[in-house]
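**Q** I need the structure of the sequence given here:
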Amino acid sequence: MSSANPGYQVPNVTVSASLPKRKSDAVLIVPVVSGQDDDATATVVGNPFLDAEAVGEIEVALEALGAKGGADQVTRVL
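**A** Prediction:
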């Protein structure tokens, strides 16, 4: 525990090759790329764990948040 943040607990991180059974404990990191023009929204990079419906839902959320998929851009979607 850090003395600078006495109440902070370091999270336990595990990398897995499959989706967890309890989604409430999961964080899904999805790579996205930007389109060719400045007005293009972020496009989800192909992922073997996500079906077309899930990809579509993520892309709709990214568009609503104005995500562009640029370098060093991070967008949090709940």
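**Q** the strands in this structure, which residues?
**A** Assigned by DSSP state E, the chain shows strands spanning 32-33, 43-44.
**Q** let me know the pLDDT of the residue most central in space within the chain.
**A** Among the residues of the chain, the one closest to the centroid is Ile29, at 3.6 Å (C-alpha atoms, centre = their mean). On pLDDT, Ile29 comes in at 80.
**Q** any figure for the gap between it and Asp51?
**A** Going from Ile29 to Asp51 by C-beta to C-beta, to the nearest Å gives 17 Å. Every residue, glycine included, has its C-beta placed from N, CA and C.
**Q** buried set for stretch 63-71?
**A** 67-69 (16 or more other C-beta atoms under 10 Å).
**Q** with these in mind, which one is nearest to Asn47?
**A** Using C-beta to C-beta, Gly69 comes nearest to Asn47 of the buried residues of stretch 63-71, at 14.3 Å.
**Q** isn't that closest one right up against Thr43?
**A** Yes. Here Gly69 reaches Thr43: they are 6.6 Å apart, a contact under C-beta atoms under 8 Å.
**Q** shared neighbours of those two, anything?
**A** Common contact partners of Gly69 and Thr43 (C-beta atoms under 8 Å, 6 or more residues apart in numbering): 32-35.
**Q** tell me which of these is nearest to Val77?
**A** The shortest gap between Val77 and any of the shared contacts of Gly69 and Thr43 belongs to Val32, at 10.7 Å (C-beta to C-beta).
**Q** so that closest one makes contact with Ala40?
**A** No. Counting by C-beta under 8 Å, Val32 stays clear of Ala40, with 11.0 Å between them.
**Q** who has more neighbours out of the two?
**A** Neighbours per residue (other C-beta atoms under 10 Å) separate Val32 from Ala40, with Val32 holding more: 18 against 12.
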